[in-house]
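Chemist: okay, sequence plus prediction incoming.
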Amino acid sequence: MEFDLERLTRGHDKDWKIFSDRVFPLIYSAVRKILSSRVAVIREPDIRDVVQDVFTILIKDDYRALKSYQPQKASMSTWLTTIAIRTAIKFAKQQKPASQSLDLESINIPAPQIKQTTSIDIPEDLLTPRQMLILHMFIDREMDVKEIAGTLNVSPQTVRSTRHKAVKRLRRHLGVSI
């Protein structure tokens, strides 16, 4: 995949058309692959937007990125794929994850029962139902973060965050500081 970079960076329409027609499938497939593995719902307009962003990166600031290409370090296809992947990852990180309501009834885990094995009196409204469930799964059922996340169909970060908030509430209630 060889192109006259000098003519491309001077903005020759014919050369740019040939270049874009030849590299579009490569960029498109790299973007589609990344988005399909990182975005809950992949939409064709999103893929095309990211592909357009890649081309914008190549030409912005007087073709700065295109001028920076060094053929001795990587092939043009490898270099373009790297830019496409980075752009797609950036796009995927900016997407808001699809939210799901947590229906505690549909999860096949019995509601946690607070065992009075200690003299700690925990008010019923101190923790949210989700916090209670996650602590129950973590402590009583000895499940790890990934198992809990898979069971509840949430991200591991959500499990860690919810557990942290629950422990923080318990510490505040019990007057424990760390």
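Modeler: Good, I have the coordinates.

Chemist: ok, Lys73 - contacts?
Modeler: Listed by C-beta atoms under 8 Å, 6 or more residues apart in numbering, the contact set of Lys73 reads Trp79. C-beta here means a position set from N, CA and C on the backbone, and glycine is covered the same way.

Chemist: just give the closest residue to Tyr69, not the sequence neighbours.
Modeler: Nearest residue to Tyr69, sequence neighbours excluded (C-beta to C-beta, 6 or more residues apart in numbering): Trp79, at 5.7 Å.

Chemist: distance of the one residue sitting closest to the centre of the chain relative to Pro129?
Modeler: Per C-alpha atoms, centre = their mean, the C-alpha nearest to the average position across the chain is that of Lys93, at 4.5 Å. Separation of Lys93 from Pro129 (C-beta to C-beta, to the nearest Å): 30 Å.

Chemist: got it, and Ser155?
Modeler: Counting by C-beta to C-beta, the gap from Ser155 to Pro129 is 19 Å.

Chemist: same deal with Ser77?
Modeler: On the measure of C-beta to C-beta, Ser77 and Pro129 end up 52 Å apart.

Chemist: check Val41 too.
Modeler: Per C-beta to C-beta, Val41 is found 28 Å from Pro129.

Chemist: ok, those two, which is more surrounded?
Modeler: Using other C-beta atoms under 10 Å as the criterion, Val41 and Pro129 rank with Pro129 on top: 11 against 8.

Chemist: quick one, helices of the protein?
Modeler: Remark: helices assigned in the chain by DSSP state H are 5-9, 13-38, 44-68, 76-94, 129-135, 145-152, 156-174.

Chemist: for Val159, give me its contacts.
Modeler: 134, 145, 148-149, 152 are the contacts of Val159 under C-beta under 8 Å, 6+ apart.

Chemist: which of the residues you listed sits closest to Thr162?
Modeler: Closest to Thr162 out of the contacts of Val159 is Ile134 (5.0 Å), distances taken as C-beta to C-beta.

Chemist: tell me how this protein divides into domains.
Modeler: Using automatic domain parsing, the domain ranges for the chain come out as 5-94, 100-178.

Chemist: in a markdown table, list these along with mean pLDDT.
Modeler: Output for the domains of the chain, formatted as a markdown table (pLDDT from 0 to 100):
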| stretch | mean pLDDT |
| --- | --- |
| domain 5-94 | 89 |
| domain 100-178 | 78 |
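
Chemist: out of these, which one sits most buried?
Modeler: Among those, ranked by average contacts under mean count of other C-beta atoms under 10 Å, first place goes to domain 5-94 (a mean of 15).

Chemist: can you tell me the distance between the two ends of that domain?
Modeler: Domain 5-94 has its terminal residues 32 Å apart, counting by C-alpha to C-alpha, to the nearest Å.
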